[in-house]
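S.K.: Predicted structure and sequence below. I'll ask about it afterward.
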Protein chains: 2
Amino acid sequence: MARIVMKFGGTSMAGTERIRRVAGIVKRQQEAGHEVAVVVSAMSGETDRLVNFCREANALYDPAEYDVVVASGEQVTSGLLALTLQAMGAKARSWLGWQMPIRTDDAHAKARIESIDTDEILASMASGEIAVIPGFQGLTADNRITTLGRGGSDTSAVAVAAALKADRCDIYTDVDGVYTTDPRIVAKARKLKNVTYEEMLELASVGSKVLQTRSVSLAMKEKVRVQVLSSFIDEDAPAADTLPGTMIVSDEELEGLDMERQLITGIAADKNEAKVILTAVPDRPGAVATIFGPLAAANINVDMIIQNVGREDTDTDVTFTVPQADLPRAQAILEEASAVIGYQKLTTDPKVAKVSVVGVGMRSHAGVAATMFKSLADRGINIQAISTSEIKVSVLIDADEVELAVRLLHTAYGLDG
Amino acid sequence: MARIVMKFGGTSMAGTERIRRVAGIVKRQQEAGHEVAVVVSAMSGETDRLVNFCREANALYDPAEYDVVVASGEQVTSGLLALTLQAMGAKARSWLGWQMPIRTDDAHAKARIESIDTDEILASMASGEIAVIPGFQGLTADNRITTLGRGGSDTSAVAVAAALKADRCDIYTDVDGVYTTDPRIVAKARKLKNVTYEEMLELASVGSKVLQTRSVSLAMKEKVRVQVLSSFIDEDAPAADTLPGTMIVSDEELEGLDMERQLITGIAADKNEAKVILTAVPDRPGAVATIFGPLAAANINVDMIIQNVGREDTDTDVTFTVPQADLPRAQAILEEASAVIGYQKLTTDPKVAKVSVVGVGMRSHAGVAATMFKSLADRGINIQAISTSEIKVSVLIDADEVELAVRLLHTAYGLDG
């Protein structure tokens, strides 16, 4: 017998017919002899509907009341899943964020989980009841509802799995695992049996939207075994123990599992970047702080930063990327701060994309970056910027060339299936 | 300064535009110098949508999980009203049923309020915050959500007004007060300035759906001054203190207010009745219990009961009414119990209506019933059954004649405006 946390997203919970499919998958897991807790998202579209109500009511909304409104979506689906499980003859009950409770800080609309009380829920699960838990929501010390930010249900699931000391956290999504790259771009993309937490983090941060980044960090920190699975499996398929999803594991576990692993695990592409170039910024201490301070204060996430030598000795060019959606705001902030920063010209380019090769293997192998640069150069793809981490090399290229670049690299690193 | 509880129904809360109107009315009340709490319903149609989800998920739904699902509708509108009030510059916060908490028994889906904790909410109101409270919901001793049954928000409002020791509970509805009869039937119907709790109870129970009966009983018991007002008033109208709604008062208060009051307060009609006749029921002790026991067990509300002398000495005919919606179930139950009851024939008539004259004045005046019977007889309207209470006389007639009967009686008792 194992203790399993299962998580289903909004697409899987969209309507009573789909909830019935989910209930079938959950019940089969229990019938396989496991203790089961399920974390659910709101019906797809519902959170958007509720967020729109809040915006209409108050453009500058109070996040505490926003949380009261938007948390209701998961409340509804958790009650409905419990009802559906009961209709199938299983014992089940819902545990709302304030009932367990899932304690968070008071940063409404983007709260962080601090602790989860588990005594009651463990007793309920031990008695054979399936615990149904709305994702995305929690409770502050002063008894108010919080939400964790969009996509927060993955984080709820991992946090619940950690608190319950679950053997596994199965995340059911609309893909059936983590692939070497986006199968819509590269037909030869292969599903990975295993991927490490760090690889998953890098893949998530560069556009592979299988899991929320935060949930992967938390899983790594709490050593939660996470499995990514398809929620569109046959209702008569066996329980998830034997299903071919992707398991997210630690480096150590990976070595035991997969000795013959490729150097590179996957290729990720992110088309949601925009480039900003500030020309002739004075080359003096503190100059860079005048650029990125105001952007950070406006909560704009700056990604790649490259500082070039300027045309004269006394100034420098600064290039960086921001999420495309934040570009207009970033531009406005930089124009307002132009006197303070002292740049000569502000240029922007929303038509860029970031392509990354990711793999723990590159820690012990030289030449990974060189292969990338050569493959792209051979086909005349211009690299506008480069950034690297221990297990990732990213380049910024023209958005029109992203599919070609991903296909080239997938072949170059021997990932084609 | 007074302390006011205001209540708005689903029609008033249907969408952000209407919620803005409500917020305007609420804010004006606060600006008139009062401490204000607002009780809100779900957006109209929303509770039906949620109930349907529950039915689809599980026809024999667990009322505890049903409550989790349906309570979300009021959670959404309370958050949205708080946001809207804030957008208008007022201080406001929502207080969910479990946050105050509003403590109820554990009869899920039809819970009764036991107590309301008010320390926190009174402190918040004293600091100038408008308290926004979702109607219809509460919390059991073991920390689970309950709902009070359909239309329960009126009861929530009255209970909150009692707990907060409010000076007045203003119920905003889609009519602008309580009328001598349905203005759609009688154009000369007049709005009443005052009506007593008992009259309101009788009017509610015979089809005047202005307030939920339970809320009126509670107001009478807790001596809460309830005012019925239209929510469709001009946004620039003065605060409700001077608005011409209908005030529900005690007998004593009424005497002070309205010395020259009519003998009869109002005429009510209820077309949702169905008649059942059991012919030749054995005339022996316990016979009637065999009829009404099984109906009560099935939660079918029997209204008028008339026992006639049968055709022979040894048996009797029993006539009674049930809600039209329950007629098929009642029929099935009686057919199943036919051997036990021992009747000869079961006849039903769904085409009947109940017309009632209501007024505290009839306590001290003879001849009220006689006037009614004569007025109807003069126009050839046949009375199928009669029942009376201290302040009400009801007759059962053919449904086709109900509008005529109401008009006749409205004139006969001098109510025409």
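M.R.: Done, it's in. Residues are numbered from 1 along each chain as shown, chains lettered A, B, ... in the order given.

S.K.: Okay, buried residues for stretch A:83-102 please.
M.R.: By neighbour count on 16 or more other C-beta atoms under 10 Å in any protein chain shown, the buried set for stretch A:83-102 is A:83-87, A:90, A:92-102. Heads up, the C-betas are built off the backbone N, CA and C, glycines and all.

S.K.: Among the residues you listed, name the ones that also lie close to chain B.
M.R.: A:83-84, A:86-87, A:93-94, A:96, A:98-99 (C-beta under 8 Å from any C-beta of the partner chain).

S.K.: mind checking the SS state of the residue in the stretch 301-417 of chain A that chain B sits nearest to?
M.R.: Closest approach of the stretch 301-417 of chain A to chain B (C-beta to the nearest C-beta) occurs at A:Arg329, with a separation of 22.0 Å. Classification of A:Arg329 using DSSP: H, G, I helix; E, B strand; the rest coil returns helix.

S.K.: And it, what's its pLDDT?
M.R.: Each residue has a pLDDT score; the one for A:Arg329 is 93.

S.K.: Ok, A:Pro238 next?
M.R.: 56.

S.K.: just A:Pro63 next, same as before
M.R.: Predicted confidence (pLDDT) for A:Pro63: 95.

S.K.: cool, A:Gly245 as well?
M.R.: 87.

S.K.: Next: the one 3 residues further on.
M.R.: The score at A:Ile248 is 93. That number is its pLDDT.

S.K.: Kindly report the same for A:Glu202.
M.R.: For A:Glu202, pLDDT reads 87.

S.K.: so it, which of the three states?
M.R.: Assigned state for A:Glu202: helix (three-state reduction, three-state DSSP).

S.K.: Quick one: neighbours of the closest residue to A:Gln344 other than its chain neighbours, just the number.
M.R.: Distances taken as C-beta to C-beta, 6 or more residues apart in numbering or on different chains place A:Ala280 nearest to A:Gln344, at 3.7 Å, with adjacent residues excluded. Neighbours of A:Ala280 under the rule other C-beta atoms under 10 Å in any protein chain shown: 17.

S.K.: Ok, A:Ala141 next?
M.R.: When neighbours are counted by other C-beta under 10 Å, A:Ala141 comes out with 10.

S.K.: what is the mean pLDDT for the top strand by length along chain A?
M.R.: Using DSSP state E to define each element, chain A has its longest strand at strand A:266-282. Per-residue pLDDT values over strand A:266-282 give a mean of 91.

S.K.: re the thing from before, helices - which of the ones next to chain B among the buried residues of stretch A:83-102 land there?
M.R.: A:83-84, A:86-87 (DSSP state H).

S.K.: and the helix or strand where A:Asn52 lies, which residues are buried?
M.R.: Assigning secondary structure by DSSP states H and E places A:Asn52 in helix A:46-57. By neighbour count on 16+ other C-beta under 10 Å, the buried set for helix A:46-57 is A:46-47, A:50-51, A:53-54, A:56-57.

S.K.: Does anything pack onto that helix? Which helices or strands?
M.R.: With contacts taken as 3 or more C-beta pairs under 8 Å, 6 or more residues apart in numbering or on different chains; DSSP states H and E, helix A:46-57 sits against helix A:63-70, helix A:72-87, helix B:16-31, helix B:72-87.

S.K.: rewinding a little: list the contacts of the helix or strand that comes right after the longest strand of chain A.
M.R.: Downstream of strand A:266-282, the first helix or strand assigned by DSSP H and E is helix A:287-297. Under the contact criterion C-beta atoms under 8 Å, 6 or more residues apart in numbering or on different chains, helix A:287-297 has outside partners A:278, A:281, A:302, A:305, A:307, A:316, A:318, A:320, A:322, A:330, A:333-334, A:336-337, A:340-342.
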